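Enquirer: Could you look at this predicted model? Sequence included:
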Amino acid sequence: MKDTIKINGLEKALDKIQKNSKVRTLSCEDVFKKLEALQKELDIRLFKKDQVGLQVRITVYTKVASCYQGMPQATFVTLEKGRTVWKLVNVERSNGIPANAEVLNISKFQAQVMAKITSDLSRMYVEIED
């Protein structure tokens with residue numbers, strides 16, 4: 001999948017935002033790997049047509065000891081799912097989170113998730129009967 005993923009401006013934006021950073025940074029390859037894993041999970045929970053408009057934030061998993069003073073900064077890449085491609089929305093450095101990715105607007109997609117689950121369950125029910 002990473003060979004087919006093209007996100008316009010990603011490499012340039014990452015270079016610009018991370019020019020003085022040495023830790024908790026992302027490369028294009030990191031973003032593509034995490035996006036590929038996320039896309040597999042999304043495909044399980046949502047039909048492709050229902051993923052349009054979904055916004056995700058990809059980052060470096062950041063977990064630090066409680067004795068650490070301050071909040072470590074990490075790179076965040078925000079993407080939005082279009083009909084066929086992922087579009088770059090934002091690249092920033094901000095306080096790290098203990099996750100590789102997060103879906104920003106999942107509440108808008110609850111009905112579609114439930115429709116997919118209902119469809120999958122009814123299909124499973126039919127398969128069990130046979």
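Expert: Received, thanks. These numbers were taken from a predicted model, which means no experiment stands behind them.

Enquirer: Need the residue closest to the centroid of this structure.
Expert: By Cα atoms, centre = their mean, the chain has its centre lying nearest to residue 56, at 4.1 Å.

Enquirer: List the contacts of the strand or helix carrying that one.
Expert: In this structure, residue 56 sits in strand 55-59 according to DSSP states H and E. Applying Cβ atoms under 8 Å, 6 or more residues apart in numbering, the external contacts of strand 55-59 come out as 26, 31, 34-35, 38, 74-81, 89, 96-97, 99-105. Glycine gets a C-beta too; all of them are placed from N, C-alpha and C.

Enquirer: Taking strand 55-59 as reference, get the angle to the helix or strand just after that strand.
Expert: Proceeding N to C from strand 55-59, the next assigned helix or strand is strand 73-81, under DSSP H and E. Angle between the axes of strand 73-81 and strand 55-59 is 150 degrees (criterion: axes from the mean of the first three to the mean of the last three Cα atoms, to 10 degrees).

Enquirer: Near residue 101, how many residues? Count them for me, please.
Expert: 19 (other Cβ atoms under 10 Å).

Enquirer: pretty sure it is touching residue 34, no?
Expert: Yes: using Cβ atoms under 8 Å, residue 101 makes contact with residue 34 at a distance of 5.7 Å.

Enquirer: give me the element residue 117 is part of.
Expert: Counting by DSSP H and E, residue 117 is part of helix 110-129.

Enquirer: follow-up on the earlier one: now the strand holding residue 56, how far from the chain's geometric center?
Expert: Offset of strand 55-59 from its chain centre (Cα atoms, centre = their mean, to the nearest Å): 4 Å.
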